[in-house]
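> quick one: sequence plus predicted model below, questions after.
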Amino acid sequence: MPTGDHEQPSVRSGPPRPTLKTIAEMSGLAVATVSRALADDPKIAEATRKRVAEIARLIGYEPDRAARRLRTGRTMVINLILDPHFEVLGFGNALLVGLTGALEGTGYNLVVTPHFTEEDVLPPIRRIVTNRQADGLIFTRTAPFDERVRFLMEQGFPFVCHGRTEFTEPHPWVDHDNEAFAYAAAGRLVAQGCQRICALLPPESLTFRQHLRYGLMRAVRETGVEFHIPDEVTLDSPMDRIQAWAQAIATTPDSPDGFICGGEASWLAIRNGYRAAGQGARFRAVAKSISGILSQIDAGAEVIHEDIEEAGRLLGDHLLRRIAEPHLPPPQTLQAPVIQFRD
């Protein structure tokens, strides 16, 4: 035992962690009543539920997740598999704001799992499901016959995806109406006198490529305008590559005079390419925007808004509903584009 100069100072423990018993003593209620009130049991009077919730907030009570998992089988975790969206500026931030808003006050914790490889999308999903690391999953950038959707439906595991698939069995999703976006964008460019419209589309592996193409082709059939879909670049191409491509085609005899841009990054790259080629005056485009940055760069920019923050809220709401009521039809929401043309 250390003595003299070698004696170790005593370690003081912090204040005891608030428990259900702490709240029960402060409120004068039974522990069981406190537990049911915090679980928002409708059989407990609303005034009592509010009083218990306020006491819990004031003393910093946090439920013991391990104990709750043993008792209920739930982790109280929602996992978001976040893929890169370099084309859409601020996508991840906006999605997280909406999603955390939907989960606020529910007792659920949000865990974000970054996924930056296109090679195999299943490993993080399998790991979470196999080890029961979450009660539900949210992911983005869906494919027509997405392996993640197939796997989760087979496992009966709650999920919601941002984007649709072509599976006949319905599943929960939230999506932007990209067909309506492309149709409105093409119509606007035709109205401005454009005679050859170029649509920069996502890779063929993603479902919303075909939705954008459907909208463009509907406008082509109605107006007879010429169109071009490049093979050299996609919405996922780096900005410098898109800019170099735009600069190269800007002075060709059949160069496009109108562009449909699926996000702010492609708008900036194509505009800069046309300017570098001395063809800036010929650049006309309609871009999908979520951040509002294009209006700050160019007050005359033609944009159609996609509300990613609302999409995050919807994804959270749909997943909570799916977890609570798995027997009901899966919730599905198609968000309408918000047109913000200058006139």
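Here it is on my side, so go on. Numbers count the residues shown, from 1 in each chain.
> and after the one helix or strand in the chain whose mean pLDDT sits lowest, which helix or strand comes next?
Lowest by mean pLDDT, DSSP states H and E among the helices and strands of the chain is helix 65-72, with a mean of 54. Later in the chain than helix 65-72, the nearest helix or strand by DSSP states H and E is strand 77-82.
> give the partner strands of that next one in its sheet and their orientations.
Sheet partners assigned to strand 77-82 using DSSP bridges are listed as strand 109-114 (parallel), strand 136-140 (parallel).
> pLDDT of the first one, averaged?
Taken as a whole, strand 109-114 has an average pLDDT of 91.
> immediately after it, which helix or strand?
helix 122-130.
> and the helices in the stretch 201-343 of the chain?
Using DSSP state H, counting those that start in this stretch, the helices of the stretch 201-343 of the chain run over 207-223, 239-249, 264-276, 293-297, 308-324.
> okay, and the residue most central in space within the chain sits in which element?
Closest to where the C-alpha atoms of the chain average out (Cα atoms, centre = their mean) is residue 95, at 4.4 Å. Element membership of residue 95, judged by DSSP H and E, is helix 91-103.
> mind checking how far that helix is from the chain centre?
7 Å (Cα atoms, centre = their mean, to the nearest Å).
> what's the angle from that helix to helix 308-324?
50 degrees (axes from the mean of the first three to the mean of the last three Cα atoms, to 10 degrees).
> could the strands paired with strand 77-82 be laid out in CSV, adding distance to residue 76 and mean neighbour count?
From N, CA and C alone the C-beta is placed, and that goes for glycine too. As requested, the strands paired with strand 77-82 are exported to CSV (distance: least, Cβ to Cβ, whole Å; neighbours: other Cβ atoms under 10 Å):
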stretch, distance to residue 76, mean neighbour count
strand 109-114, 6, 14
strand 136-140, 10, 24
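> as CSV, those strands with distance to residue 45 would be great.
Formatted as CSV, those follow (distance: least, Cβ to Cβ, whole Å):
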stretch, distance to residue 45
strand 109-114, 28
strand 136-140, 30
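> identify the spatial nearest neighbour of residue 96, chain neighbours not counted.
residue 312 (6.6 Å; Cβ to Cβ, 6 or more residues apart in numbering).
> surely residue 303 meets residue 288?
Yes: assessed by Cβ atoms under 8 Å, residue 303 is found in contact with residue 288 at 7.3 Å.
> contacts only, for the residue nearest to residue 314 when sequence neighbours are not counted.
Residue nearest to residue 314 in three dimensions, not counting chain neighbours: residue 174, with 4.5 Å by Cβ to Cβ, 6+ apart. Applying Cβ atoms under 8 Å, 6 or more residues apart in numbering, we find residue 174 in contact with 160, 161, 162, 311, 314, 315, 318, 332, 333, 335.
> check which helix or strand residue 174 maps to.
Assigned by DSSP H and E, residue 174 falls within strand 173-176.
> list the strands paired with that strand, with their directions.
When DSSP bridges is applied, strand 173-176 pairs with strand 159-162 (parallel), strand 332-335 (parallel).
> mind putting those in a markdown table, mean pLDDT included?
Formatted as a markdown table, the strands paired with strand 173-176 follow (pLDDT from 0 to 100):
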| stretch | mean pLDDT |
| --- | --- |
| strand 159-162 | 97 |
| strand 332-335 | 98 |
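> got those strands as CSV, with mean neighbour count and distance to residue 295 columns?
What follows is the strands paired with strand 173-176, written out as CSV (neighbours: other Cβ atoms under 10 Å; distance: least, Cβ to Cβ, whole Å):
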stretch, mean neighbour count, distance to residue 295
strand 159-162, 26, 24
strand 332-335, 15, 20
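> can you add distance to residue 29 and give these back as a markdown table?
Formatted as a markdown table, those follow (distance: least, Cβ to Cβ, whole Å):
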| stretch | distance to residue 29 |
| --- | --- |
| strand 159-162 | 36 |
| strand 332-335 | 40 |
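> so for residue 149, which of those sits nearest?
Residue 149 sits nearest to strand 159-162 of all the strands paired with strand 173-176, at 6.3 Å, using Cβ to Cβ.
> local confidence estimate at residue 76?
Looking at residue 76, the pLDDT reads 88.
> test my guess that it contacts residue 134.
No: between residue 76 and residue 134 there is no contact under Cβ under 8 Å: 9.1 Å.
> quick one, which of those two is more surrounded?
A count of neighbours by other Cβ atoms under 10 Å puts residue 134 above the other of residue 76 and residue 134, at 24 against 15.
> would you mind measuring from that one to residue 149?
In this view, residue 134 and residue 149 are 16 Å apart by Cβ to Cβ, to the nearest Å.
> okay, the closest residue in space to residue 321 that isn't next to it in sequence: pLDDT?
Nearest residue to residue 321 in three dimensions, chain neighbours excluded: residue 331, at 5.7 Å (Cβ to Cβ, 6+ apart). pLDDT for residue 331: 97.
> ok now stretch 176-187, how far from the chain's centre?
Worked out by Cα atoms, centre = their mean, stretch 176-187 lies 20 Å from the chain centre.
> quick one: mean pLDDT over that stretch.
Mean predicted confidence for stretch 176-187 is 98.
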